[in-house]
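Colleague: sharing a model prediction with you, sequence too.
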Amino acid sequence: MVKQGHYAKVSRQKKQRQLKQRHQVHEQRALTPDAVVEFLQVRYHLTRAKRQRPVVRKTMQRFVALWLTVAQKTSPNWSVMTVTKQTLQQFNRQLPWQGYAIISQAVMDFQAFLVKEVPAVPLERRLTLGDTMTEADWKKLVTTQLAVNALLGLVNDLSQITNAQIAQLQAGLMHDDETVDWSRAANLVAPVTVMAPDTDAATKTWYEQLEKLSLEYFD
């Protein structure tokens with residue numbers, strides 16, 4: 001007659017094997033950190049691209065790629081405010097005002113994507129997302145960058161630009177109803193937008209597509 005303790009031992013061994021197998025499957029499915037950017041880019045494309053017009057899709061693909069690349073350097077704790085600010089700084093004067101306007105229309109939806117998808121990325125050490133933006137936060141970030149771009153077009157030296165100058169221009173980029181005045185932004189930024197000498201052909205084509213968009217496109 002088989003003793004009850006034997007059954008208990010077999011049961012424990014079976015559970016241990018099952019736990020080990022589940023752990024091995026989890027390890028096989030887990031991403032390496034250097035695959036995170038591409039993984040989230042694909043997720044964004046799959047969940048958003050069909051709803052976006054071609055120029056919006058292309059612009060957001062560029063923004064998302066740069067945003068995630070910047071964020072990856074701060075892993076595993078991502079601050080939406082900090083990464084967004086640094087991403088806009090990298091676009092700088094090279095991105096036409098129309099690019100900033102398109103991003104403005106889609107950025108809060110992008111943040112919603114991040115809130116849902118970033119913590120779910122299958123990593124051994126999970127990412128965390130914090131310091132999310134309000135609409136007012138975003139408007140402050142984008143108008144600050146537009147003001148800096150306009151001032152850089154005049155002095156070409158960030159160290160010569162004061163916070164007071166930025167604040168003055170920034171205030172002029174807002175309507176009374178707290179929306180961004182893209183007409184004013186176009187007048188300030190378009191004359192000082194520059195293209196780097198080493199800009200590749202695909203980026204040049206994208207910039208040219210953006211520059212063809214009139215203010216009516218954003219009404």
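Modeller: That came through, no problem. Numbering: from 1, shown residues only.

Colleague: residue ranges with poor pLDDT in the protein?
Modeller: 1-29 (pLDDT under 70).

Colleague: please enumerate the helices of it.
Modeller: 4-29, 36-48, 54-72, 80-91, 97-117, 135-155, 163-172, 182-189, 201-211 (DSSP state H).

Colleague: mind putting those helices into JSON lines with distance to Met195 and mean neighbour count?
Modeller: From N, CA and C alone the C-beta is placed, and that goes for glycine too. Below are these laid out as JSON lines (distance: least, Cβ to Cβ, whole Å; neighbours: other Cβ atoms under 10 Å):
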{"stretch": "helix 4-29", "distance to Met195": "42", "mean neighbour count": "10"}
{"stretch": "helix 36-48", "distance to Met195": "24", "mean neighbour count": "16"}
{"stretch": "helix 54-72", "distance to Met195": "14", "mean neighbour count": "19"}
{"stretch": "helix 80-91", "distance to Met195": "12", "mean neighbour count": "18"}
{"stretch": "helix 97-117", "distance to Met195": "12", "mean neighbour count": "19"}
{"stretch": "helix 135-155", "distance to Met195": "13", "mean neighbour count": "19"}
{"stretch": "helix 163-172", "distance to Met195": "22", "mean neighbour count": "14"}
{"stretch": "helix 182-189", "distance to Met195": "14", "mean neighbour count": "19"}
{"stretch": "helix 201-211", "distance to Met195": "6", "mean neighbour count": "14"}
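
Colleague: would a markdown table of those helices with distance to Leu129 be doable?
Modeller: Output for these, formatted as a markdown table (distance: least, Cβ to Cβ, whole Å):
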| stretch | distance to Leu129 |
| --- | --- |
| helix 4-29 | 21 |
| helix 36-48 | 11 |
| helix 54-72 | 9 |
| helix 80-91 | 7 |
| helix 97-117 | 6 |
| helix 135-155 | 15 |
| helix 163-172 | 27 |
| helix 182-189 | 29 |
| helix 201-211 | 28 |
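
Colleague: quick one, which of these is nearest to Arg125?
Modeller: Nearest to Arg125 among the helices of the chain is helix 36-48; the distance by Cβ to Cβ comes to 11.1 Å.

Colleague: having no further points to raise, I will conclude here.
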